[in-house]
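1. Mind looking at a prediction? Sequence and model below.
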Amino acid sequence: MKRIALALIDGEHYPAVVVEALRNAADRYEIRAAVFLGGAEKLRSQSSETELVLEYGLPVVVGDDPVHALRSAIARFAPEVVVDLSDEPVLGYEQRFRLISESLARNVEYVGPDFHFSSPARDRLCSSPSLAVIGTGKRVGKTAVSAYAARIVEETSAREGVVPVSPGPAVVIVAMGRGGPAEPEVVDGRTGGLTAADLLRISRLGRHAASDYIEDAVLARVVTVGCRRCGGGLAGSPFASNVREGVRVANELRPGFVILEGSGAALPPVASDAKLLVAGAHQEVAQLTGYLGRFRLLVSDGLVLTMAEEPLASEAKVRELVKAVREVKPEVPVVPVVFRPRPAGEVKGRRVVFFSTAPEGQEEALGRYLEEHCDCRVEMVSSRLADRAALREALAGPALARAELVLTEIKAASIEVVVEEADRRGLPVVFVENLPQEAPGVRAGELQELVEGLIAAARERFERGA
């Protein structure tokens, strides 16, 4: 069966050439209309839509802006695929990615002579309301935001009397990662049972003891389902994953709510009722609003802009990002945040060292925050958890010899290097979560309001089957 299509055409090609190309495509597609992108060199006159219909032999949509014209044509003709017959100079690389993003955001494929873009899978598998937390890359704070959202779900469920199907948990996080388990694995963090010794034992068995689902369970103290994925497409589809199976495992737990946590820039390959995008304020504008970052923004209901402070991002940079976001999706709520360390155990009065993946330049601020808010003495802050050689060098220094307690985020190197060394020296370990809070100048409570709003929207959409 032929697929319903929409063609993209321009006036840099002679109309007869375009008509022939449309005729050649007719064996594969039912082309119902075309979007005229501009260019007039090969046209006999500045044609109106009516004249273009006569020229090309099918309905033609014309607009001042190709993006708006494409949106209008998709809404009007409901294509399954957009067939791109345009080229430079009318349609360059940046402009083409805008149109690809707009198409995929509407679940319409986009094809051309040597490329084919498909929207990530959107099969509706969750048997409870769901929120996907997705990102524009690695280390932008998705896990921290997912854990925060899970706590908000629990709070709103208790406050509003939302009762999961007994005896299910209020919330389950389904997290996928590059080192996740071969079969979906459930971890119940509600009792706070997983310790540094437990994770070290898992690591010594040759398993990844710091996958995001473990971090979520330990720090958010919720039920999690761990999954794996390999590869990530431009629009976020994993090459391989067991997330679908993980969602089915989560459904068996009969939760009141499901949080689907992405990995890097890869999206969970199942449908969700709402989406929250997490991007770093230190990233280039194009990573968020250009290429297929734009697609991620278009399908999201809210944006958390993390690390929105000096030296990572100036106030001017944050304003630039927010302005660029508004140009793509004016209605999307944006909350700039910073991360602050919160130990999961008692550290008052202790001499500590802290190991983090925070970007370089944050060490002094993190140490000062711990001393001021946790009443401990910080002997050293290292941001080298992603650099094992530098990490071992820091561990060999004098600071660890002065410490009574080791603080660390939960990452692969923290278990395999830091916790191993702490165990060798007989030092206790306390895990630390990165707690998101509004950036300076942002009204207190905005982040909670955003997340609560998305949770409510997800529940409402789930109930009406949207």
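-> Arrived safely. Residues are numbered from 1 along each chain as shown.
2. So for the worst-scoring helix or strand of the chain on mean pLDDT, what gets flagged as buried?
-> Between all helices and strands in the chain, the lowest mean by mean pLDDT, DSSP states H and E belongs to helix 49-56, at a mean of 80. For helix 49-56, the neighbour count (16 or more other Cβ atoms under 10 Å) marks 52, 55-56 as buried. C-beta here means a position set from N, CA and C on the backbone, and glycine is covered the same way.
3. Could you do stretch 123-131 as well?
-> 125-131.
4. which other helices and strands contact the least confident helix or strand of the chain?
-> With contacts taken as 3 or more Cβ pairs under 8 Å, 6 or more residues apart in numbering; DSSP states H and E, helix 49-56 sits against helix 15-25, strand 60-62.
5. Name the stretch among those that sits most buried.
-> Comparing those by mean neighbour count (mean count of other Cβ atoms under 10 Å), strand 60-62 comes out on top with a mean of 20.
6. Given that one, what are its sheet partners and their directions?
-> strand 29-36 (parallel) (DSSP bridges).
7. helix, strand or coil for the closest residue to Ala197 other than its chain neighbours?
-> Nearest residue to Ala197 in three dimensions, chain neighbours excluded: Asp423, at 7.7 Å (Cβ to Cβ, 6 or more residues apart in numbering). Three-state call for Asp423 (DSSP: H, G, I helix; E, B strand; the rest coil): helix.
8. looking at it, Asp423 is touching Arg201, isn't it?
-> No: the pair formed by Asp423 and Arg201 falls short of the contact definition of Cβ atoms under 8 Å, at 10.4 Å.
9. Pull the contacting residues for Pro238.
-> 176, 229-232, 263, 266, 269 (Cβ atoms under 8 Å, 6 or more residues apart in numbering).
10. Inside strands: which ones of those?
-> Members of the contacts of Pro238 lying in strands (criterion: DSSP state E): 176, 229-230.
11. Which among those residues count as buried?
-> 176, 229.
12. want to throw the ones in strands among the contacts of Pro238 into CSV with pLDDT and distance to Gln95?
-> Shown next, in CSV, are the ones in strands among the contacts of Pro238 (pLDDT from 0 to 100; distance: Cβ to Cβ, whole Å):
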residue, pLDDT, distance to Gln95
Met176, 96, 33
Arg229, 97, 31
Cys230, 97, 32
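13. which one among the ones in strands among the contacts of Pro238 gets closest to Leu450?
-> For the ones in strands among the contacts of Pro238, the minimum distance to Leu450 (Cβ to Cβ) is 23.4 Å, reached by Met176.
14. Tell me how many other residues surround the residue nearest to Ala197.
-> Asp423 is flanked by 15 other residues according to other Cβ atoms under 10 Å.
15. repeat for Val67
-> 15.
16. now do Ala389
-> For Ala389, the count of nearby residues is 7 (other Cβ under 10 Å).
17. average pLDDT across whichever helix or strand it is part of?
-> Ala389 belongs to helix 388-395 when assigned by DSSP states H and E. For helix 388-395, mean pLDDT is 92.
18. Next, the distance between the ends of stretch 228-236.
-> Using Cα to Cα, to the nearest Å, one end of stretch 228-236 lies 14 Å from the other.
19. and stretch 281-295, which residues are buried?
-> Of the residues in stretch 281-295, 281-283, 287-295 count as buried by neighbour count, 16+ other Cβ under 10 Å.
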